[in-house]
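S.K.: need coordinates for the below:
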Amino acid sequence: MLREIVACKRDEVNDRKSSSHKLNLQRIIADTPFAVGFAKALHGTQGECPRLIAEVKKQSPSGGVLRDPFDPLAIANAYKSAGASALSVLTDQRYFHGSLDIMATVGKAVALPVLNKEFMVDEIQFYEARAYRADAVLLIVAILERSQLIEYSHLAQELGLDVLVEIHTEGELAIATDAMPDIQLLGINNRDLTTLTTDLATTFRLVNCISSELRNNMTIVSESGISSRIDVERLAEVGIHAMLVGEALLKAQNISRKVSELLDASLSSPITS
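M.R.: Predicted coordinates:
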C-alpha cells in the first residue's frame, strides 16, 4: 500500500510542478502570518499525560470513511475546546479525501498549530504546506533517501516549518538520527505502512533504542493505534511526550468526550470509542 500511495503522490506532484506555481506560493507565503510553534506546543506533558495531536481526516485506507457528515472545522474546534495541543490535517485527496484547502480553513480559524500530514516527496509540497497555513510537516523515513531527509529538513526550516520525522523500525531510527542528529520531533508510527496493521509494541520497542542523550533533546510522539486511556497511560510510563490520534476520535459518537477521556483518567470508564 505504501509503495502505491507514494507512486501516485509522485505522479500527482509532477503534474502541478512549475516555476509559476512555486512563485505564486512564495508570494502567498510572504503575506502569510508566521508559523506557530508546533514543536513548542508539544514540549513537556500535561501532568502525567502526553500532549495530544488530534487528527482531521475523512477517511483512510485502513478504516474507510471515519466520519459522515465530515465537518473539518467543527471537528478541529471540538479538539481544541477539549484540550488538544495541536492538530494534524491529512491533505492527500485520493486515499484520505483531504485537501490543502481544508488545512488552510482549519489553520486560519483554529488557534492551534497544524501539522500537514502528507507524503512529502518533492520540495514544492513544502511551499504548498506553508502557503496553506501548515506549521509543521511530516518526513517519513521509509520513503525518503538520507540526502532528501537532510535537504527537506533544511528547506522546512527556511520556511519556518517544524519537522516531525517518522520512523517504524530500528533501521529507520538509525537513518534518521544519523541524517538529523538534532531532531526535535521524532514520531514512532505504530502502523505498519505495508500491512496497515497497528501495534503499540512498536513504540515500546523503539523508545528503548533511543539513547538518554537523544531523549533529553527531543519530543517523542507515538502515532496510530491509540484508542483508550489505558493506552495513554502505558505511553506515559515509557516517557512518551505526545501522541497523534485520529481514528479513535473521529469514530467516537462525541468527539469532545473522547478527547477528554484520553486526557483525563477520571473520565475513562463510561466512555466508549
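
S.K.: what about the helices in the chain?
M.R.: Using DSSP state H, the helices found in the chain span residues 2-16, 19-30, 38-41, 72-82, 100-109, 124-131, 146-158, 170-179, 201-207, 212-215, 229-237, 247-250, 255-263.

S.K.: wait, which of those helices is closest to residue 61?
M.R.: Proximity to residue 61 (C-beta to C-beta) singles out helix 2-16 among the helices of the chain, at 7.7 Å. Just so you know, the C-beta spots here come from the backbone N, C-alpha and C atoms, and that holds for glycine as well.

S.K.: and for residue 118, nearest residue in space, chain neighbours not counted?
M.R.: residue 91 (4.9 Å; C-beta to C-beta, 6 or more residues apart in numbering).

S.K.: surely the one you found and residue 114 touch.
M.R.: No - using C-beta atoms under 8 Å, residue 91 is not in contact with residue 114, being 10.3 Å away.

S.K.: okay, and the common contacts of the two?
M.R.: residue 103 (C-beta atoms under 8 Å, 6 or more residues apart in numbering).

S.K.: give me the mean pLDDT for stretch 106-113.
M.R.: The pLDDT scores in stretch 106-113 average 97.

S.K.: centre of the chain to that stretch, how far?
M.R.: 15 Å (C-alpha atoms, centre = their mean, to the nearest Å).

S.K.: which ones are touching the nearest residue to residue 122 once chain neighbours are set aside?
M.R.: On the basis of C-beta to C-beta, 6+ apart, the spatially nearest residue to residue 122 that is not a chain neighbour turns out to be residue 13, at 4.6 Å. For residue 13, the contacting residues are 121, 122, 124, 125, by C-beta under 8 Å, 6+ apart.

S.K.: may I ask which of these has the most neighbours?
M.R.: Scoring these on neighbours with other C-beta atoms under 10 Å, the highest-scoring entry is residue 125 at 23 neighbours.

S.K.: which pLDDT value belongs to that one?
M.R.: Confidence score, pLDDT, at residue 125: 98.

S.K.: and the gap between it and residue 215?
M.R.: Applying C-beta to C-beta, to the nearest Å, the value for residue 125 to residue 215 is 30 Å.

S.K.: quick one: neighbours of the residue nearest to residue 26 when sequence neighbours are not counted, just the number.
M.R.: Spatial nearest neighbour of residue 26, chain neighbours left out: residue 127 (6.6 Å); criterion: C-beta to C-beta, 6+ apart. Using other C-beta under 10 Å, residue 127 is surrounded by 20 other residues.

S.K.: repeat for the one 3 residues further on
M.R.: The criterion is other C-beta under 10 Å. On that basis, residue 130 has 23 neighbouring residues.

S.K.: residue 41 too?
M.R.: 20.

S.K.: just the pLDDT at residue 269, thanks.
M.R.: 46.

S.K.: pretty sure residue 93 contacts residue 99?
M.R.: Yes - Residue 93 is within contact range of residue 99, at 5.7 Å (criterion: C-beta under 8 Å).

S.K.: who has more neighbours out of these two?
M.R.: A direct count of neighbours by other C-beta under 10 Å for residue 93 and residue 99 places residue 99 higher, at 17 against 12.

S.K.: with just CA atoms, put stretch 225-238 into CSV.
M.R.: What follows is stretch 225-238, C-alpha atoms only, in CSV (Å, rounded to 0.1, in the frame of the first residue of the first chain):
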residue,chain,number,x,y,z
GLY,A,225,-3.3,2.7,17.3
ILE,A,226,-4.1,4.7,20.4
SER,A,227,-7.7,4.3,21.5
SER,A,228,-8.1,4.3,25.2
ARG,A,229,-6.9,5.9,28.4
ILE,A,230,-5.1,2.6,29.2
ASP,A,231,-3.1,3.1,26.0
VAL,A,232,-2.3,6.6,27.0
GLU,A,233,-1.1,5.6,30.5
ARG,A,234,1.1,2.9,29.0
LEU,A,235,2.7,5.5,26.7
ALA,A,236,3.3,7.9,29.7
GLU,A,237,5.0,5.2,31.6
VAL,A,238,7.7,4.9,29.0
